[in-house]
Every structure is written in structure tokens, then in C-alpha cells.
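A.B. asks: one predicted model, sequence on top.
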Amino acid sequence: MKKLLALLLILIAPVAQAVQTVDIVIRNGTLVTMAGPNIDHGGVAIDKGRIVAVGDVSGYSGRTTIDATGDAVVPGFVNTHTHAAMVLFRGIADDRDLMDWLTHYIFPAEARNVTADFVKWGTRLAAAEMIASGTTTFTDMYYFEDEVAAETKRAGLRGVLGETLIDFPAPDNKTWDAAVAYIRTFVKKWQGDPLITPALAPHAAYTVSREHLQQTRKLADELHAPILIHVSETRDELRQIAEKQNGMTPGLYLDSIGFLGHDVVAAHGVWLTPEEIRLFAQKGVGIAHCPESNMMLASGIAPVVDMRKAGANVGLGTDGPAGSNNNLDMVEEMASAARLQKVARMDPKALSARDVLEMATIGGARVLGMESKIGSLEPGKHADIAIINLQQAKTQPVYSVESAIVYAASGSSVMTTICNGKVLMRDGKVLTVNVPAAIAKAKEYRARVLKSLR
């Protein structure tokens with residue numbers, strides 16, 4: 001009997017030793033890995049901020065275990081263009097075209113209200129909204145970007161954060177030289193941070209001079225920092241550039257001055273020509289497609305299908321949540337992107353649910369040059385994950401998980417958000433932002449903003 005017991009212990013021992021304890025194990029979900037076929041009843045094992053196993057996780061025990069039965073497990077969404085702190089201007093000036101909106105409402109409101117504290121609280125509220133709808137990485141262009149970085153890190157999100165450069169006094173820096181000095185300090189402080197990638201953000205070719213755009217290019221090369229810029233958003237922008245630059249279009253103008261490169265993220269690209277699309281693809285310029293902003297401001301319909309066919313890296317962005325969209329919901333953005341291309345091209349197959357899910361995840365990662373780190377569920381990548389409840393009345397029954405996510409679910413269907421292996425939201429409760437305090441502060445700022453505009 002003792003010999004039999006000893007033999008059983010020997011046989012059992014290797015099995016016991018094979019179970020590895022990790023930080024988090026997600027079980028029983030439908031995995032939309034974006035790296036291959038979907039996996040039914042699969043799991044993800046996470047340890048020290050990274051994915052260690054995808055699919056069969058029977059050999060792992062989690063200090064935290066998440067049951068994803070009936071849920072979709074997807075890479076965290078990558079928002080490739082926004083102005084996060086502008087949530088505090090949400091709804092202040094809707095139903096206007098871009099130039100009217102900017103010159104008569106947003107620029108004056110910013111001049112009178114935007115401070116470091118404003119940006120801190122705006123970013124905090126935006127972070128809560130993004131976490132609640134499954135975004136784990138966002139690309140930002142605004143002022144007091146050091147405050148944006150601090151709040152982003154505090155909330156546990158990943159950010160590519162660009163300090164705005166513009167040829168008139170801004171809320172944080174009143175001169176170009178002051179802005180350049182700010183950027184040097186900003187980049188030095190945050191470069192190498194596991195969550196924050198500091199960037200340079202010249203506003204656009206019509207608000208930044210040729211000399212300053214070329215200076216920005218040199219500064220980005222020197223600091224090894226990416227560049228974020230608005231390009232070809234409206235017909236009025238095309239007119240302004242053509243008048244100043246001998247009939248050139250914005251993309252060709254930027255190329256002519258040596259500005260474009262693989263480290264540039266161009267927001268919008270609504271009016272890019274076929275030649276510019278080929279150029280952007282060749283040079284590796286990332287394009288942030290913002291369908292809801294383009295519709296809201298009546299800017300036009302970006303040739304996304306042509307961009308993708310040309311091999312350009314195209315991601316999705318919400319744009320700023322104030323008049324150009326009014327929310328930061330990437331699930332809604334996916335649905336809008338697909339439907340807009342279908343009706344514009346009169347082709348229901350123009351952009352599929354799978355296509356826009358790709359644009360919101362691994363496509364966005366490619367735009368930011370981060371595809372080796374995020375954007376898909378693969379061992380070795382950072383554990384940036386969203387878990388979406390598909391058991392709701394509005395998503396049932398599920399014949400196609402991609403269809404259920406894009407066309408039936410919404411940002412509020414996201415139940416759990418994980419970034420860099422840290423749970424930011426669990427079962428619909430945001431854990432890393434004091435949401436009631438952020439909402440209360442937003443109401444205070446509303447009163448201040450209204451008073452300032454009288």
C-alpha cells in the first residue's frame with residue numbers, strides 16, 4: 001500500500017508542478033485575438049504586465065481570476081486622435097463647421113478657461129470615460145500636456161501625448177520659443193516611461209509656419225519623439241494651403257519641406273488625394289480616421305478604403321469630445337466608420353465589422369508604431385485587454401462576435417478593462433479614477449466657462 005501511494009505521488013507531482021501562478025487569468029471567453037482566428041471558450045494568462053498565454057490556460061492559476069463566460073475578450077482599443085481635456089467643453093458649440101467652431105467658440109473659450117488645473121480635471125474625467133468603454137491607449141494633442149501625462153499614468157492608461165505647437169499665444173505657452181522649451185522638458189521627463197510616450201503636436205499646416213514646421217521636424221529627430229498633426233481635414237484647409245503654397249495640397253506641401261516620416265500621425269486625411277495616399281503609405285505616415293468628427297463638422301468622408309488598399313496604416317480616433325464628437329466611445333466609432341464607408345461607396349462590403357475592429361486595435365497600434373507591444377492578444381505583448389458583455393438583450397443572439405461588438409454593443413457593454421496588466425475597471429466599476437469627484441468638478445467648470453463667455 002505504501003509503495004502504491006508513493007507511486008501515485010510521483011505520478012501526480014509533475015502535474016502539480018506544471019500549474020503556474022500568475023497575476024490574472026481570464027477564463028471561458030470568446031477571444032478575438034486580432035492575431036489569428038477567434039478562440040471559443042479560451043483564456044488569457046497575464047503576469048507582470050504581459051500576456052503569457054492565450055487560448056488554453058489550464059496550466060495557470062491566477063491571483064485574480066476573471067470569468068468571461070458569454071463575453072468577448074479583445075485587445076484594448078487604441079484611440080489614435082483626441083483632445084481629452086476638452087471633455088470640459090462638451091456640448092459648448094455644436095452644429096457648426098470647423099473654422100466657425102474653432103475661431104468663434106473653442107479658441108476664445110480656451111483662452112479664457114484653460115489652465116493646468118482645467119486640463120488635470122478634464123483629463124481625469126476623460127480617463128474615466130475611456131476606461132469605461134474599453135480604451136487602453138489614446139493619442140492626445142492639447143496644452144499643459146505634462147498634466148495630461150500625470151493624469152493618464154495615475155489612471156493606469158497608456159498614452160501618446162503631444163504638446164501643442166501653434167503660431168499664436170496658447171493657454172500654456174505664449175510664444176513659440178516657450179513652447180519649444182516646454183517640450184524639451186516634457187519629453188525629457190516622460191521618455192522611457194512604461195505608459196507615457198511624449199510627442200510633439202504642431203496643430204496644422206495652416207496654423208504653423210513653414211519655418212516652425214521644419215523646426216518641429218528637426219526637434220522630433222533630435223528628441224526621438226513622434227509628431228502628431230491635423231492634415232487635410234476640410235476643404236477650407238486645402239484652400240488656405242493652396243493660396244499660400246503655390247497650389248499645393250497639405251500632404252504634398254508637408255512632404256516638400258521634409259516633414260513627413262514614419263513617426264508622423266496625421267489626423268483626419270479627409271481630402272487626401274490618391275497621390276498623397278500612396279505617399280503616406282510609402283513613408284509610413286499613420287492616419288487617424290475620425291468618422292464621427294468628420295460627420296459632425298461636415299468635413300467630408302475620408303477615403304479609408306483607398307487608404308487601406310494602398311497599404312497605409314489607418315487607425316480610428318474619436319477626435320475631441322467637444323463639438324467635433326462629444327464622446328470618447330471607440331465602440332460607437334467603429335460602427336460609424338463601417339456604416340459611413342458603406343453608404344459613401346454604395347457598397348455594404350466596403351468596410352466590415354472585422355475591418356473596423358482591426359482599425360481600433362492592431363491597426364491603431366501600427367499607426368503609433370507600437371504593433372510589437374499592443375493591439376493583439378499574443379504572448380509577450382503588454383496585457384491591454386477589454387472584456388465586452390455579449391449577454392445583453394441588445395447583443396443576443398450572437399451569430400458573429402465581430403458583428404455583435406461593432407453593430408450591436410456599445411461602449412457601455414464593456415465590463416472589464418485591463419492596461420499593462422492592471423485592472424482599471426471590473427464588472428463595470430472604474431477602479432482608478434474617482435468618477436463622482438470628476439463629474440462634480442466638471443459641473444463646477446461648466447459654470448465658470450458659461451460665465452467667461454458672457
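C.D. replies: Great, that's in hand. Numbers count the residues shown, from 1 in each chain.

A.B. asks: how about Ala53: what's its closest non-neighbour residue?
C.D. replies: Nearest residue to Ala53, sequence neighbours excluded (Cβ to Cβ, 6 or more residues apart in numbering): Ala45, at 4.0 Å. Any C-beta I mention is one placed from the backbone N, CA and C, and that applies to glycine too.

A.B. asks: settle this for me: that neighbour is touching Ile24, isn't it.
C.D. replies: Yes. Counting by Cβ atoms under 8 Å, Ile24 is a contact partner of Ala45 at 7.5 Å.

A.B. asks: tell me, what's touching the two both at once?
C.D. replies: Residues touching both Ala45 and Ile24 by Cβ atoms under 8 Å, 6 or more residues apart in numbering: Gly62.

A.B. asks: hey, where'd the helices end up in the stretch 351-454 of the chain?
C.D. replies: For the stretch 351-454 of the chain, the helices defined by DSSP state H, counting those that start in this stretch occupy 353-359, 362-367, 401-403, 435-452.

A.B. asks: find the centremost residue of this protein, please.
C.D. replies: Asn79 (1.5 Å; Cα atoms, centre = their mean).

A.B. asks: for the record, mean pLDDT for the helix or strand hosting that one?
C.D. replies: Take DSSP states H and E as the rule and Asn79 turns out to sit in strand 77-82. Across strand 77-82, pLDDT averages out at 98.

A.B. asks: packing partners of that strand?
C.D. replies: strand 135-142, strand 264-268, strand 286-289, strand 313-316, helix 330-345, helix 362-367 (3 or more Cβ pairs under 8 Å, 6 or more residues apart in numbering; DSSP states H and E).

A.B. asks: now do the SS call for His41.
C.D. replies: strand (DSSP: H, G, I helix; E, B strand; the rest coil).

A.B. asks: equivalent analysis for the one 4 residues further on, please.
C.D. replies: The three-state label for Ala45, taken from three-state DSSP, comes out as strand.

A.B. asks: identify the residues contacting it.
C.D. replies: So Ala45 contacts 20, 22, 24-26, 51-54, 57, 60, 62 (Cβ under 8 Å, 6+ apart).

A.B. asks: domains in the chain, by residue range?
C.D. replies: Under the assignment automatic domain parsing, the domains of the chain span 20-75+381-435, 77-367.

A.B. asks: between the ones you listed, which one is closest to Lys373.
C.D. replies: domain 20-75+381-435 (5.4 Å; Cβ to Cβ).

A.B. asks: the closest residue to Thr115 other than its chain neighbours and Glu147: what is the separation?
C.D. replies: Among residues not flanking Thr115 along the chain, Pro171 sits closest, at 6.9 Å (Cβ to Cβ, 6+ apart). Computed as Cβ to Cβ, to the nearest Å, the Pro171 to Glu147 distance reads 11 Å.

A.B. asks: so the two - more neighbours on which side?
C.D. replies: Each of Pro171 and Glu147 has its neighbours counted (other Cβ atoms under 10 Å); Glu147 has more, 23 against 18.

A.B. asks: in the helix or strand harbouring that one, what's buried?
C.D. replies: Assigned by DSSP H and E, Glu147 falls within helix 145-155. Applying a neighbour-count criterion of 16 or more other Cβ atoms under 10 Å, the buried positions in helix 145-155 are 145-153, 155.

A.B. asks: do stretch 223-232 as well
C.D. replies: Using 16+ other Cβ under 10 Å as the test for burial, stretch 223-232 gives 223, 225-232.

A.B. asks: equivalent analysis for stretch 332-350, please.
C.D. replies: 332-342, 344-345, 350.

A.B. asks: how far off centre is it?
C.D. replies: Mean-position distance between stretch 332-350 and its chain equals 20 Å (Cα atoms, centre = their mean, to the nearest Å).

A.B. asks: over to stretch 19-37?
C.D. replies: The mean C-alpha position of stretch 19-37 is separated from the chain mean by 22 Å, Cα atoms, centre = their mean.
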